[in-house]
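> build me a model from this:
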Amino acid sequence: MLYSIGINTDGFGSQYHAFMSGIAYAEFMGYTYVHTSIRVIDHQANVDEMNNFIGIPETPLTEEQFYSKKMEVYSKVVFDSPTPSIYYTDKVLQKIRNYYYSTEKPKINNIDIAIHIRRGDINLNRFPERYTSNNYYKKVIEFLKNEYPNLTITIFSEGSIDQFEDLIGENIFFKLDTCIKETFHSLVRAKVLVMAKSCFSYAAAILNENEVYYQDYFFSKALKHWKILENIVIP
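Numbering: from 1, shown residues only. Sure thing, here's the model as predicted:
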């Protein structure tokens, strides 16, 4: 069975997460994953650059193969699983990482702790279920400073610095409205990654081989080796 993830017009993180779910589901089912590259992308990212960035080669198909393949926008089975590590096995994670590192990545500064804060198109009025307040992150930062006293913290988000005024502190740095590839790769390479309720940081967390902290209540659940913030920080 040929299995593919179909074309959609979401942002980079959503489409990359969908591809990852397709690779994981195909491996689980014994299907052959055939890749269809990004055709349209939201948030003004360059399509060709982002296809090259993720490193997954497009699969050439005959007309018969094209029309006989099974296609989904994303693997709902994987997305909705309460235990996604059943699908994201070590073999699958290595395959996705091999694709990613097969192409050139941007040069980035050393990142100790990366915190992804979803802003921009997410606020208390639009998709409030994906919004996380600065007060929540203040508690997270307090925990991180106690847990990793010798590491610096870099916050990756969108907007102006005054929107994060209550998070400013010693050894806390901000990368706001940075290039999408630099931001994503920084999350991937961070020694400690704190995810947002976001496909962007979920995809980065799948690639990250270090410590990952996951915010509960996101629609895709945590991999087994991630740490759930609500069990540690938020009572």
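> output the below-cut-off pLDDT ranges for the protein.
Under the criterion pLDDT under 70, the flagged ranges of the chain are 43-44, 120-131, 234-235.
> can you do 90?
By pLDDT under 90, the weakly predicted segments of the chain are 6-11, 38-46, 59-70, 118-134, 159-160, 162, 216-219, 230-235.
> how about the helices in it?
Here the chain has its helices, by DSSP state H, at 12-29, 47-54, 63-68, 76-79, 90-100, 134-147, 180-189, 199-207.
> which one of those helices lies nearest to residue 110?
helix 180-189 (8.4 Å; C-beta to C-beta). Backbone N, C-alpha and C define where each C-beta goes, glycine included.
> next, the buried residues of that closest one.
Of the residues in helix 180-189, 180, 181, 183, 184, 185, 186, 187, 188, 189 count as buried by neighbour count, 16 or more other C-beta atoms under 10 Å.
> residue 231: how many residues sit nearby?
Residues near residue 231, counting by other C-beta atoms under 10 Å, number 9.
> quick one: it from residue 222, how far?
From residue 231 across to residue 222, the span is 10 Å (C-beta to C-beta, to the nearest Å).
> about what we covered before: okay, the helices of the chain, which one's buried deepest?
Across these, averaging neighbours per residue (mean count of other C-beta atoms under 10 Å) puts helix 199-207 on top, at a mean of 25.
> who touches that helix?
Here helix 199-207 makes contact (C-beta atoms under 8 Å, 6 or more residues apart in numbering) with 10-14, 16-17, 20, 88, 93, 96-97, 100, 116, 118, 184, 187-188, 193, 195, 212, 214, 218, 220, 223, 226.
> that one to helix 180-189, inter-axis angle?
Angle of helix 199-207 versus helix 180-189, following axes from the mean of the first three to the mean of the last three C-alpha atoms, to 10 degrees, is 40 degrees.
> what about residue 227, neighbour count?
If we define neighbours as other C-beta under 10 Å, then residue 227 has 14 of them.
> excluding its backbone neighbours, what's nearest it?
In this structure, residue 227 finds its nearest non-sequential neighbour in residue 213, 5.1 Å apart by C-beta to C-beta, 6 or more residues apart in numbering.
> again with residue 190
Of all residues not flanking residue 190 in the chain, residue 114 sits nearest, at 3.6 Å (C-beta to C-beta, 6+ apart).
> burial count for residue 168?
Neighbour count of residue 168, defined by other C-beta under 10 Å: 12.
> repeat for residue 153
Residue 153: 23 surrounding residues under other C-beta under 10 Å.
> now do the contacts for it.
Residues near residue 153 by C-beta under 8 Å, 6+ apart: 112, 113, 115, 141, 144, 145, 171, 172, 173.
> so the residue nearest to residue 190 versus residue 157, what's the distance?
Plainly put, residue 114 is 11 Å away from residue 157 if you go by C-beta to C-beta.
> when the two are compared, which one has more neighbours?
Set residue 114 next to residue 157 and count neighbours by other C-beta under 10 Å: residue 114 wins out with 25 against 22.
> grab the nearest non-local neighbour of residue 86.
Distance criterion C-beta to C-beta, 6+ apart; nearest residue to residue 86, sequence neighbours excluded, is residue 28 at 7.2 Å.
> do you know how far the one you found is from residue 199?
20 Å.
> for residue 14, same thing?
Going from residue 14 to residue 199 by C-beta to C-beta gives 4 Å.
> who's in contact with the residue of the chain most remote from its centre?
Computed with C-alpha atoms, centre = their mean, the maximum C-alpha offset from the centroid of the chain is found at residue 64, amounting to 33.8 Å. If a contact means C-beta under 8 Å, 6+ apart, then residue 64 has no contacts.
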